[in-house]
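K.L.:
Could you work out the structure for the sequence below:
(chains A and B)
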Number of protein chains: 2
Amino acid sequence: MSAVQAQEIQQRRGVQVVSPEIGGDNTVTFRLYAEDAHSVTVSGSWLGMGENLEMKKGSDGVWSATTKALEPSMYHYNFMLDGVSILDPRNPKALRDGTRYASTLIVPGKASDVFEVQDVPHGTIHKVWYDSPTLGLYRRMLVYTPAGYEDSKEKYPVLYLLHGGGGDEEAWSSLGRANNILDNLIAAGKAKPMLVVMTNGNELQTSSVTEWPTNTNVVDRGPARGGETREQTVDRVTKFPNSLVNDVIPYVEKHFRVIANSENRAIAGLSMGSMQTQITTMTNPGFFEYIGCFSLGIHFNDQFEIVSNEILIPGYDKYLETMDNKLFYTGCGTEDFCYEGVQTLRKKLDEHNFEYVYNETGGGHTWANWRTYLSDYAPRLFK
Amino acid sequence: MSAVQAQEIQQRRGVQVVSPEIGGDNTVTFRLYAEDAHSVTVSGSWLGMGENLEMKKGSDGVWSATTKALEPSMYHYNFMLDGVSILDPRNPKALRDGTRYASTLIVPGKASDVFEVQDVPHGTIHKVWYDSPTLGLYRRMLVYTPAGYEDSKEKYPVLYLLHGGGGDEEAWSSLGRANNILDNLIAAGKAKPMLVVMTNGNELQTSSVTEWPTNTNVVDRGPARGGETREQTVDRVTKFPNSLVNDVIPYVEKHFRVIANSENRAIAGLSMGSMQTQITTMTNPGFFEYIGCFSLGIHFNDQFEIVSNEILIPGYDKYLETMDNKLFYTGCGTEDFCYEGVQTLRKKLDEHNFEYVYNETGGGHTWANWRTYLSDYAPRLFK
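P.N.:
Numbering: from 1, shown residues only, chains lettered A, B, ... in the order given. A predicted model of the protein is given here:
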């Protein structure tokens, strides 16, 4: 078929190396053919902030480095080629995190099985546009429907799943592998078949940057910062939660076969999405029976102090005594910079003798943890 | 919100340049901060094969280059940094073509309006898995439903749209911008609302590489080559067309609200997809009223000689005298290496006094042309 290759992005000439190569011992070897480079390093999600793995150049112009044995997980990485962050040109798997790209790999093993592509029925991802009068925007979201949805007449419960700061509506499927996790848990009978709605939580954005018209100023669509009054901060941070309840949920409940009641509505979010989850549930008590807060709690720094004092603490103090929702779940890594805030949230729950599930893991503010929390949270829903 | 930035892919330090910058005169300036590099060039889809634009280093470590004025179109490009092909780290828009990544930009203007993201209603893209007993695979395809599909009870016509060699089921939406083109044509009343089904035409693949399990050997999923008998070649090249008719179309007609008859069925393909379009329609005469062959006709070289002699020419000779389908469309660029083959196809059609539409453009075997042909073909369908 070589005569009809229709690809305009040209294959590189030169030494065709294998990279990444995952060894039987879970070490990973990276290779880059770069005859003329001064220096090449690897930065990767298994390394600490600012840490790099140095690559060494062989006589054939191929730079290489091998990691220590890595825990089974999904990782992303870039090569630093003479100081510039690049993709691994030999790895066909890359992903986008906000405005940046990285190569990705999975070290196989038991912990990776839950988000690996398995030989099980796969759900459908719908990339849907909807009107948000609350935000004054026509916006995009991703809706996962479980395998079998198209062939049944059944109605399903729904999990609303919120990303973190810098992310967008594609983060939970690409970095978080939410669709793979649900495919696998549902196929194994560990989670009930459910829809997962993945929204864009940035109240000024219509969608991920990939769908913006040419020359849209990235800064104009970024988070507002600084110079706000308390009222402006509260107004801004409640906008997306309000649009979720007023615009997203009615759209989903009208256009998909879902069970439209609180027993069949779950919400969870990571980091900024955990803040939005708390705001949404504390300003709409009783609307969700299942609440998941990943890697962010009640904080007293930055703009969170305002959010904590104006919404979260008054909300918990007002509602926790009478709230009887089926699950309140929180998870955090011991090395997470948000660890203290999650402990403050736990103290608040304890203070009101409110039952909750707490999953403390190692590690920090990472997708490795958020995949773990989703894999632990989803099986507890709608049961 | 800086405290809850949940991105693990770190922002680069150093000079924060703007790249690409599209000037009012349609020149494009590229910039890369790379203090330590020896040489940086740009390779782009507006340049000839093997041509590069040289970048020059300023005293601030920023390399830059400006193109001549470019025609309004969508382009993709890579920087060559010390001989390694990289993305533009300052451009948040990138795309994947098979196993390779490139940065992308749109030079605005009348010719770009048809595929630009406009302020019009957007259709939904469904990423759907289906069984293909014909290929013995569980496979993925993309289905575009037009804006309003979710809110109506109407049934719609369907265009089956096939990619070229090296591509996959995501090529027509990412490189081809088929969903943007249809959104815009439908909103302007120029095309009828229709579904567009974008399949994976590689008969050994389940899906694009991004959905494969870890460590799947890319070679195992690539096109079979060489050492085949005539029968094996015919068998191989008819496999995907057979699966389209036996597996894909029944799935779509069962699971989406479509009008399941030949008057409401169109097919089109580019390059390898044009060969598959011809095979499908010549082995299933009367099944599609609308046939579109972009940038590939009847060829007498490589394995195409077998396909041409065994299927296409006998098919045309047998059916053209009695075929009365509503549209046969073919398009080709004057610089396309497939130009002669398209002229051979035209001669065959002329020989039988068969009416067709021919769109001859400048340029070669490029997505710029395929977007143009789709934009010209879609408005002619279902009328």
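K.L.:
ok, now which ones touch the closest residue to A:Leu244 other than its chain neighbours?
P.N.:
Leaving aside its sequence neighbours, A:Leu244 sits nearest to A:Thr280 (CB to CB, 6 or more residues apart in numbering or on different chains; 5.8 Å). Placement of C-beta: from N, CA and C, glycine included. Neighbouring residues of A:Thr280 by CB atoms under 8 Å, 6 or more residues apart in numbering or on different chains: A:Pro241, A:Leu244, A:Val245, A:Ile267, A:Phe287, A:Phe288.
K.L.:
top of those residues by neighbour count?
P.N.:
A:Ile267 (28 neighbours; other CB atoms under 10 Å in any protein chain shown).
K.L.:
Check which helix or strand the residue nearest to A:Leu244 maps to.
P.N.:
helix A:272-283 (DSSP states H and E).
K.L.:
Now find how far off-centre that helix is within its chain.
P.N.:
Relative to the chain's own centre, helix A:272-283 is displaced by 16 Å; criterion: CA atoms, centre = their mean, to the nearest Å.
K.L.:
Which SSE is immediately downstream of it?
P.N.:
By DSSP H and E, the next helix or strand past helix A:272-283 is strand A:290-294.
K.L.:
Flag every buried residue along the next helix or strand after that next one.
P.N.:
Scanning forward in sequence from strand A:290-294 by DSSP H and E, the next helix or strand is helix A:304-307. Residues of helix A:304-307 classed as buried: A:Phe304, A:Ile306, A:Val307 (neighbour count, 16 or more other CB atoms under 10 Å in any protein chain shown).
K.L.:
Now do the helix or strand just after helix A:304-307: which elements does it pack against?
P.N.:
Once the chain leaves helix A:304-307, the next helix or strand it forms, by DSSP H and E, is helix A:313-319. Using 3 or more CB pairs under 8 Å, 6 or more residues apart in numbering or on different chains; DSSP states H and E as the contact test, the elements touching helix A:313-319 are helix A:272-283, helix A:339-351.
K.L.:
tell me the average confidence for helix A:313-319?
P.N.:
Average pLDDT, helix A:313-319: 96.
K.L.:
Mind picking out the helix or strand in chain A with the poorest mean pLDDT?
P.N.:
helix A:304-307 (a mean of 90; mean pLDDT, DSSP states H and E).
K.L.:
Next one: the residue nearest to A:Leu244, what pLDDT does it get?
P.N.:
So A:Thr280 comes in at 98 (pLDDT).
K.L.:
which residues touch the residue nearest to A:Tyr316 when sequence neighbours are not counted?
P.N.:
Take A:Tyr316 and drop its neighbours on the chain: the residue closest to it by CB to CB, 6+ apart is A:Lys348, 5.1 Å away. Contacts for A:Lys348 (CB under 8 Å, 6+ apart) come out as A:Ile298, A:Ile313, A:Tyr316, A:Leu320.
K.L.:
Quick check: residues of the stretch 101-250 of chain A near chain B?
P.N.:
A:101-102, A:105-106, A:108, A:112, A:116-119, A:121-129, A:138, A:140, A:147, A:150-151, A:163-167, A:209-215, A:218, A:223, A:225 (CB under 8 Å from any CB of the partner chain).
K.L.:
center of chain A - which residue?
P.N.:
In chain A, the centroid-proximal residue (CA atoms, centre = their mean) is A:Trp172; its distance is 3.6 Å.
K.L.:
and it, that's in a strand?
P.N.:
No: using DSSP: H, G, I helix; E, B strand; the rest coil, the assignment for A:Trp172 is helix, not a strand.
K.L.:
which ones are touching it?
P.N.:
Per CB under 8 Å, 6+ apart, neighbours of A:Trp172: A:Leu142, A:Leu161, A:His163, A:Ala178, A:Val196, A:Met198.
K.L.:
And it, how far from chain B?
P.N.:
Per CB to the nearest CB, to the nearest Å, A:Trp172 is found 11 Å from chain B.
K.L.:
Quick check: that residue vs B:Arg230, distance?
P.N.:
Noted for A:Trp172: a distance of 50 Å to B:Arg230, by CB to CB, to the nearest Å.
K.L.:
how much does the host helix or strand of A:Tyr377 deviate in direction from strand A:290-294?
P.N.:
Assessed by DSSP H and E, A:Tyr377 sits inside helix A:367-377. Helix A:367-377 and strand A:290-294 are oriented at 160 degrees to each other (axes from the mean of the first three to the mean of the last three CA atoms, to 10 degrees).
K.L.:
Please say whether there is contact between helix A:367-377 and chain B.
P.N.:
Yes: contact of helix A:367-377 with chain B (CB under 8 Å from any CB) involves A:Trp367.
K.L.:
how far is stretch A:240-254 from where the chain is centred?
P.N.:
20 Å.
K.L.:
for stretch A:249-259, same thing?
P.N.:
Stretch A:249-259 sits 23 Å away from the centroid of its parent chain (CA atoms, centre = their mean).
K.L.:
quick one: secondary structure of A:Leu244?
P.N.:
helix.
K.L.:
Thought A:Val307 was touching A:Arg230, still the case?
P.N.:
No: counting by CB atoms under 8 Å, A:Arg230 does not reach A:Val307; the two are 10.0 Å apart.
K.L.:
Which of the helices or strands spans the residue nearest to A:Glu310 when sequence neighbours are not counted?
P.N.:
In this structure, A:Glu310 finds its nearest non-sequential neighbour in A:Val234, 5.2 Å apart by CB to CB, 6+ apart. Using DSSP H and E, the element containing A:Val234 is helix A:230-243.
K.L.:
circling back: please name every helix or strand in contact with the helix holding A:Tyr377.
P.N.:
Applying 3+ CB pairs under 8 Å, 6+ apart, one finds that helix A:367-377 contacts strand A:73-81, helix A:178-187, strand A:265-270, strand A:290-294, strand A:327-333, strand A:357-361.
K.L.:
got CSV for the ones you listed, with mean pLDDT too?
P.N.:
Below are the helices and strands packed on helix A:367-377 laid out as CSV (pLDDT from 0 to 100):
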stretch, mean pLDDT
strand A:73-81, 96
helix A:178-187, 98
strand A:265-270, 98
strand A:290-294, 98
strand A:327-333, 98
strand A:357-361, 98
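K.L.:
Put together CSV for the ones you listed, with distance to B:Ser64 on each row.
P.N.:
Shown next, in CSV, are the helices and strands packed on helix A:367-377 (distance: least, CB to CB, whole Å):
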stretch, distance to B:Ser64
strand A:73-81, 18
helix A:178-187, 40
strand A:265-270, 38
strand A:290-294, 42
strand A:327-333, 42
strand A:357-361, 46
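K.L.:
Retrieve the pLDDT associated with the closest residue to A:Ala69 other than its chain neighbours.
P.N.:
Distances taken as CB to CB, 6+ apart put A:Asn26 closest to A:Ala69, at 4.4 Å, once the chain neighbours are dropped. Confidence at A:Asn26, expressed as pLDDT, is 96.
K.L.:
Check A:Met49 too.
P.N.:
Value listed for A:Met49 in the pLDDT field: 79.
K.L.:
so where's the stretch 201-350 of chain A uncertain?
P.N.:
A:215, A:217-226 (pLDDT under 70).
K.L.:
Right, I'll call it a day here.
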